[in-house]
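Peer 1: Predicted coordinates and the sequence they were generated for:
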Amino acid sequence: MIEEHAQVIALENNDVWVETQRRSACGQCAANKGCGTATLAKVLGNKRNQVRTLNPQATSVAVGDEVIIGINEQALVRGSLAVYTVPLLMLFVFGFLGQLLSTQLLMTNQDILPIVLGLSGLLLGFVWVRRFTRRIADDARYQPVLLRRVIGITLR
């Protein structure tokens, strides 16, 4: 379970809306000055994200409480692979098919078909990702869960 600190901002039925702050681990690294990730983190800043979390244990929380939320590692890896890998894989497969077709058809400009089919594959990959995310939107395995309340600390 990957855990993150968050602050409760709203309560809705059995769900809890929390706000997390994007943090970078770049402050502890020895290569902080010459690292591109550190520079990118400084440019993007520490953004706050609002996330709906499930509360399966009906943990008693109030607005302003600091809590620990978590998400299953396997769900995070599967979701990341789906979102990043499928569109790129479709781009390459369709581009390769376009290259094969353009050589088979003896086209004079053999670059157009691979580009068109590659972009079509990328678009189809995005459509698949959209359907995938809609399908898992209500799947509890892919949702962040409220694990526990941090005792004694209330942020206001």
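Peer 2: Cool, the structure landed. Numbering: from 1, shown residues only.
Peer 1: who touches R134 in this structure?
Peer 2: Contact analysis of R134 by CB atoms under 8 Å, 6 or more residues apart in numbering lists nothing. (Glycine included, C-beta is placed from N, CA and C.)
Peer 1: So it versus Y142, what's the distance?
Peer 2: Using CB to CB, to the nearest Å, we find R134 at a distance of 12 Å from Y142.
Peer 1: before we move on, what about S102?
Peer 2: Using CB to CB, we find S102 at a distance of 40 Å from Y142.
Peer 1: again with N55
Peer 2: In this view, N55 and Y142 are 16 Å apart by CB to CB.
Peer 1: between S102 and Y142, which one's more packed in?
Peer 2: S102 (20 against 17; other CB atoms under 10 Å).
Peer 1: That one is in contact with L117, isn't it?
Peer 2: No: using CB atoms under 8 Å, S102 and L117 do not qualify as a contacting pair, with a distance of 9.0 Å.
Peer 1: worst-scoring helix or strand of this structure, pLDDT-wise?
Peer 2: The weakest-scoring helix or strand in the chain, judged by mean pLDDT, DSSP states H and E, is helix 36-44 (a mean of 63).
Peer 1: Residues contacting the helix or strand that that helix is followed by, please?
Peer 2: Under the assignment DSSP states H and E, the closest C-terminal helix or strand after helix 36-44 is strand 48-54. Outside strand 48-54, the residues within contact range by CB under 8 Å, 6+ apart are 6, 9, 12, 14-22, 69, 140, 143-146.
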